[in-house]
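S.K.: only geometry, no sequence info:
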């Protein structure tokens with residue numbers, strides 16, 4: 001093991017040797033009556049020798065500084081392989097050891113980061129979601145295999161301009177990509193409906209603007225979900241029809257017996273009334289399903305949402321709180337009124353005290369927020385997850401279409417409907433339905 005050395009001790013030894021040698025030499029010269037000129041020459045020689053020895057003593061320090069300068073420059077170039085040899089000087093040892101430890105830590109972190117990047121890149125390349133990251137010049141900086149298939153492009157995408165490749169996309173996605181508009185888009189291809197989900201995110205990387213595009217083919221998922229919904233709808237309709245037709249058959253048989261027995265003719269009007277009620281109930285049931293299936297596209301017009309909410313809240317005799325400033329949106333007044341009426345009707349049927357049912361309207365940045373709250377029992381986690389699905393209901397005689405219809409209306413208005421429980425003192429104290437809708441450009445300008 002090398003014994004640590006000291007640059008200070010080395011320099012001190014040289015200085016002591018020079019001073020002693022110089023002093024003895026001067027004493028010797030003066031004892032022989034040497035001239036002043038000769039003494040000056042000896043002094044200058046001693047000074048030069050001192051400078052050379054000091055420079056030699058500090059050479060390890062200069063070498064260490066040069067080596068560390070090279071090491072730092074290497075770090076800037078992402079090269080962490082530099083290690084400085086420690087010559088076991090006391091004044092430099094700890095500094096060099098710290099530098100070498102830092103270099104080792106950076107090497108290990110770089111290796112770990114590289115492995116993570118490799119794993120992330122593999123995940124990105126294998127995911128079925130088409131991914132493209134573009135810079136502010138619309139040049140592709142990152143892409144995966146699914147993006148190549150989406151664009152019908154078989155070469156490397158990175159570095160290409162996205163606008164020049166958009167024509168290779170399905171028609172439904174081309175304009176949405178140009179507009180950087182998220183949403184669900186469908187088109188017919190070879191007599192088959194193909195559906196895509198596009199999500200656009202604005203990112204800032206290294207202080208530069210980027211756009212992330214995520215494309216997902218939802219055709220199989222939607223087809224499977226549609227199949228499940230149709231099966232459930234058929235089961236529900238079949239169940240409802242059987243529940244109505246079985247009593248009708250029995251009542252019809254009873255009516256025939258009454259007609260054959262004149263003594264009981266007084267009972268015939270009651271039987272016919274019951275048959276009429278069952279037919280009317282069945283008619284209402286089928287009408288609800290037809291309304292959901294034939295929901296027309298909204299007829300957009302400028303609407304003062306304050307007036308609409310106040311009107312519906314007053315009609316239903318519930319508390320209504322609106323914004324002090326006009327909130328203008330573009331929408332179908334009849335459809336929005338129907339959605340709000342359905343939500344308030346659900347609140348009144350939740351078991352809530354009537355005075356705890358409230359409708360609140362407010363503006364948040366570029367959106368309007370409409371809240372319908374009640375003081376009922378709320379919903380379980382499973383119910384919250386399925387509440388917006390068609391034909392799902394928690395009511396004994398519900399059709400399962402009320403919330404689904406409201407959700408479809410909100411989506412058609414480029415909005416979002418969410419359901420959550422109200423919690424007070426860690427207990428469910430009611431239900432809240434939140435609707436966000438975009439403001440009209442007129443309202444945003446104001």
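M.R.: That came through, no problem. What you are looking at is a predicted structure, and each value in this text was computed from that prediction instead of being measured.

S.K.: for the rest of this, base every contact and every neighbour count on C-alpha atoms.
M.R.: OK.

S.K.: where along the stretch 151-300 of the chain do the strands fall?
M.R.: All strands of the stretch 151-300 of the chain, identified by DSSP state E, counting those that start in this stretch, fall at 183-189, 192-205, 208-217.

S.K.: so how far is the second one off the chain centroid?
M.R.: Averaging C-alpha positions (CA atoms, centre = their mean, to the nearest Å) puts strand 192-205 12 Å from its chain's average.

S.K.: what's it in contact with?
M.R.: With CA atoms under 8 Å, 6 or more residues apart in numbering as the test, strand 192-205 has contacts from 173, 180-188, 209-219, 222.

S.K.: please produce a PyMOL select command covering the buried subset of those residues.
M.R.: Selection of buried members from the contacts of strand 192-205 for PyMOL, criterion 16 or more other CA atoms under 10 Å:
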select buried, resi 173+180+182+184+185+186+210+211+212+213+214+215+216+217+218+219
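
S.K.: export the strands of the stretch 151-300 of the chain to CSV and append columns for distance to residue 246 and mean pLDDT.
M.R.: Output for those, formatted as CSV (distance: least, CA to CA, whole Å; pLDDT from 0 to 100):
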stretch, distance to residue 246, mean pLDDT
strand 183-189, 42, 79
strand 192-205, 39, 86
strand 208-217, 45, 92
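
S.K.: ok, which of these comes nearest residue 110?
M.R.: strand 192-205 (19.7 Å; CA to CA).

S.K.: mind listing what that closest one pairs with, with the direction of each?
M.R.: Note on strand 192-205: by DSSP bridges, its sheet partners are strand 183-189 (antiparallel), strand 208-217 (antiparallel).

S.K.: quick one: closest of the ones you listed to residue 253.
M.R.: Nearest of these (CA to CA): strand 183-189, 51.1 Å.

S.K.: now that closest one, how far from the chain's geometric center?
M.R.: 23 Å.

S.K.: to residue 296, which of the strands paired with strand 192-205 lies closest?
M.R.: Nearest of the strands paired with strand 192-205 (CA to CA): strand 183-189, 17.7 Å.

S.K.: residues touching the closest one, excluding its own?
M.R.: 171-173, 193-199.

S.K.: again, only this time at 6 Å
M.R.: 172, 193-198 (CA atoms under 6 Å, 6 or more residues apart in numbering).

S.K.: mark which of the residues you listed are buried, thanks.
M.R.: Of the contacts of strand 183-189, these count as buried by 16+ other CA under 10 Å: 172, 194-198.

S.K.: ok, which pair from the contacts of strand 183-189 is furthest apart?
M.R.: Taking CA to CA, the two most distant members of the contacts of strand 183-189 are 193 and 198; they sit 16.3 Å apart.

S.K.: thinking again about what came up before, mind putting the strands of the stretch 151-300 of the chain in a markdown table, distance to residue 70 included?
M.R.: Output for the strands of the stretch 151-300 of the chain, formatted as a markdown table (distance: least, CA to CA, whole Å):
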| stretch | distance to residue 70 |
| --- | --- |
| strand 183-189 | 53 |
| strand 192-205 | 29 |
| strand 208-217 | 30 |
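
S.K.: so for residue 121, which of the ones you listed sits nearest?
M.R.: strand 208-217 (15.5 Å).

S.K.: got the contact list for the closest one?
M.R.: In contact with strand 208-217 (CA under 6 Å, 6+ apart) are residues 129-136, 196-204.

S.K.: now, which of the contacts of strand 183-189 sits nearest residue 115?
M.R.: Looking across the contacts of strand 183-189 and measuring by CA to CA, the closest to residue 115 is residue 198, at 29.9 Å.

S.K.: where's the closest one relative to residue 132, distance?
M.R.: Distance of residue 198 to residue 132, computed by CA to CA, to the nearest Å: 11 Å.

S.K.: in the stretch 151-300 of the chain, which spans are helices?
M.R.: 171-179, 219-260, 268-293 (DSSP state H, counting those that start in this stretch).

S.K.: pick the most buried one from the ones you listed.
M.R.: Scoring these by mean neighbour count under mean count of other CA atoms under 10 Å gives helix 171-179 as the most buried, with a mean of 16.

S.K.: can you list the buried residues in stretch 96-110?
M.R.: 96-97, 99-100, 103-104, 106-107.

S.K.: could the residues you listed be laid out in JSON lines, adding secondary structure, pLDDT and distance to residue 401?
M.R.: Shown next, in JSON lines, are those (DSSP: H, G, I helix; E, B strand; the rest coil; pLDDT from 0 to 100; distance: CA to CA, whole Å):
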{"residue": "96", "secondary structure": "helix", "pLDDT": "78", "distance to residue 401": "74"}
{"residue": "97", "secondary structure": "helix", "pLDDT": "80", "distance to residue 401": "72"}
{"residue": "99", "secondary structure": "helix", "pLDDT": "82", "distance to residue 401": "69"}
{"residue": "100", "secondary structure": "helix", "pLDDT": "84", "distance to residue 401": "69"}
{"residue": "103", "secondary structure": "helix", "pLDDT": "86", "distance to residue 401": "65"}
{"residue": "104", "secondary structure": "helix", "pLDDT": "87", "distance to residue 401": "64"}
{"residue": "106", "secondary structure": "helix", "pLDDT": "87", "distance to residue 401": "60"}
{"residue": "107", "secondary structure": "helix", "pLDDT": "87", "distance to residue 401": "60"}
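
S.K.: re earlier: closest to residue 230 out of the contacts of strand 183-189?
M.R.: Using CA to CA, the contacts of strand 183-189 come closest to residue 230 at residue 193, 16.7 Å.

S.K.: quick check: beta-bridge partners of that closest one?
M.R.: residue 188.

S.K.: quick one: it from residue 170, how far?
M.R.: Distance from residue 193 to residue 170, by CA to CA: 12 Å.

S.K.: is residue 322 in contact with residue 358, as I believe?
M.R.: No. The criterion here is CA atoms under 6 Å, and residue 322 misses it with residue 358 at 10.9 Å.

S.K.: circling back to that earlier point, of the strands of the stretch 151-300 of the chain, which is nearest residue 75?
M.R.: strand 192-205 (21.6 Å).

S.K.: follow-up on the earlier one: which of the strands paired with strand 192-205 sits closest to residue 125?
M.R.: The closest of the strands paired with strand 192-205 to residue 125 is strand 208-217. By CA to CA, the value is 13.0 Å.

S.K.: distance from the closest one to the middle of the chain?
M.R.: 12 Å.

S.K.: likewise stretch 349-369?
M.R.: Distance, centroid of stretch 349-369 to centroid of chain: 26 Å (CA atoms, centre = their mean).

S.K.: nice, that's everything, thank you.
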